[in-house]
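A.B. asks: Return atomic coordinates for the entry below.
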Amino acid sequence: MVTAYLKLSNYCNMGCSHCYLPESVRADSALMDNEVFNKALGDIYSLIQEYASTSVDVIWHGGEPLQFDKEVVVQRVVQANNYFFSRGVSCNHSIQTSLINFDADWGEIIKKYFSSVVGVSVDPSSRTISGSSQRYQTVLEKRIQHAQTMGITVVANVCPTVDDIGNEGELLDWFERNDIAMFIIDRYNDFAQTGDLNRPTNLQHSKFLSNLMDESLARINKGIRVSSCGTLRAGISGILNGSSGDRWGTSCLEQFIVIDKDGKTNSCPDKISYEDSYNGSEPFAASKTRLDVVVDFKMNHPKEHCYNCEYFTWCGSGCPITINEWSKEGDCSGYKSFLKHLMQLKNSNLNSLRYYLYGTN
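C.D. replies: Prediction:
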């Protein structure tokens, strides 16, 4: 399935230390105009045709989507539905937000157009309101409760920083208190190579995932309910079944399209502010720049240690923009230290891993 990130605007009212968008970009409140939006639908469709897909997942992104004009969002969602339906393509919509601007009107829009599900970025140590992380958490919990009382399911997204390593149990406790049933882990990348000290190395990120796995299994073994992490489940599925998912064996370079508010395109949200647009006059799917990036990844991102690795057939060297050098990162871009930890759990605690993945032993 093709995944399309539509960034109607990059404007955001949050202060997040890990944000991939430069501050100057986040300050621009301009919305994507009609001409650009029409072309964006054509670029998405070109990718759908390229892979003979019958469905597309449109992620309404930003910036902060809940700062967009509500009427414009509804108009654009309906337009996208009509455009793809008329071409025999099933279109699913999702939205990723900080939720801070959530109100009852947004709740009704999410229920009607986004299947009553909202993706919420939850990063306790790196998000602030007026410089205060505590104020952010207080407001966020109120917004989550408001959404849930309206019948909206909240799915969390976490981008761990160095400060989050060792606090995985507190994160799970927070999810439990706020009735968050499912979450995923994003990678704190530094594509611009600013030397951000908040960014965990690959080894530190592996440690975070391993700690999170251990804390989750400990709760399960005590009969305590625990939020399910899609990233952990993908790692377990790789170890048990040899199947790709999440950051392993990714298809993002080929089947993802990101479209900025000015029509600029890329295949990765983290990269779009730092690279030239992937397409000009030609459709996105035919972009030579895009195809060159795909080839470069396949040829140069996997290193010798990848080809000698027992996980390579389904890992595929991991995230394309994660540094794949042990000497710099202490681990590879596929987080082998974490995968080895899962393998040890498979040998010592297989039933618990199966339970985490399938809900049964």
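
A.B. asks: Name the nearest residue to residue 225, sequence neighbours excluded.
C.D. replies: Leaving aside its sequence neighbours, residue 225 sits nearest to residue 176 (C-beta to C-beta, 6 or more residues apart in numbering; 6.6 Å). All C-beta atoms are positioned from the backbone trio N, CA, C, and that covers glycine.

A.B. asks: okay, now the one you found: neighbour count?
C.D. replies: Other residues within reach of residue 176, judged by other C-beta atoms under 10 Å, total 15.

A.B. asks: Just say helix, strand or coil for residue 58.
C.D. replies: Three-state assignment for residue 58 (DSSP: H, G, I helix; E, B strand; the rest coil): strand.

A.B. asks: Tell me, what's the model's pLDDT at it?
C.D. replies: Residue 58 is assigned 97 on the pLDDT scale.

A.B. asks: what does residue 360 give?
C.D. replies: Residue 360 is assigned 73 on the pLDDT scale.

A.B. asks: what's the neighbour count on residue 299?
C.D. replies: Counted with other C-beta under 10 Å, residue 299 comes out at 8.

A.B. asks: try the one 10 residues further on
C.D. replies: A count of neighbours around residue 309, defined by other C-beta under 10 Å, yields 17.

A.B. asks: and what of residue 236?
C.D. replies: For residue 236, using other C-beta under 10 Å, the count is 22.

A.B. asks: In terms of helices and strands, where is it?
C.D. replies: helix 230-241 (DSSP states H and E).

A.B. asks: Same check on residue 205?
C.D. replies: Taking DSSP H and E as the criterion, residue 205 maps to helix 202-221.

A.B. asks: list the helices and strands that helix packs on?
C.D. replies: helix 168-177, strand 182-185, helix 230-241, helix 336-358 (3 or more C-beta pairs under 8 Å, 6 or more residues apart in numbering; DSSP states H and E).

A.B. asks: ok, 7 Å please
C.D. replies: helix 168-177, helix 230-241, helix 336-358 (3 or more C-beta pairs under 7 Å, 6 or more residues apart in numbering; DSSP states H and E).

A.B. asks: As a markdown table, those helices with distance to residue 105 would be great.
C.D. replies: Listed next are those as a markdown table, based on distance: least, C-beta to C-beta, whole Å:
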| stretch | distance to residue 105 |
| --- | --- |
| helix 168-177 | 27 |
| helix 230-241 | 29 |
| helix 336-358 | 38 |
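
A.B. asks: Could you identify which of these is most buried?
C.D. replies: Most buried of these, by mean neighbour count (mean count of other C-beta atoms under 10 Å): helix 230-241, with a mean of 20.

A.B. asks: tell me the angle it makes with helix 202-221.
C.D. replies: Orientation check (axes from the mean of the first three to the mean of the last three C-alpha atoms, to 10 degrees): helix 230-241 against helix 202-221 gives 90 degrees.

A.B. asks: Could I get the CA-only coordinates of helix 230-241 as CSV?
C.D. replies: Provided in CSV are the C-alpha atoms of helix 230-241 (Å, rounded to 0.1, in the frame of the first residue of the first chain):
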residue,chain,number,x,y,z
GLY,A,230,4.0,-1.8,17.4
THR,A,231,7.8,-1.5,17.1
LEU,A,232,8.4,-4.2,19.7
ARG,A,233,5.9,-6.4,17.9
ALA,A,234,7.7,-5.9,14.6
GLY,A,235,11.0,-6.9,16.2
ILE,A,236,9.5,-10.0,17.7
SER,A,237,7.8,-10.9,14.4
GLY,A,238,11.2,-10.6,12.7
ILE,A,239,12.9,-12.9,15.2
LEU,A,240,10.1,-15.5,15.3
ASN,A,241,8.9,-15.4,11.7
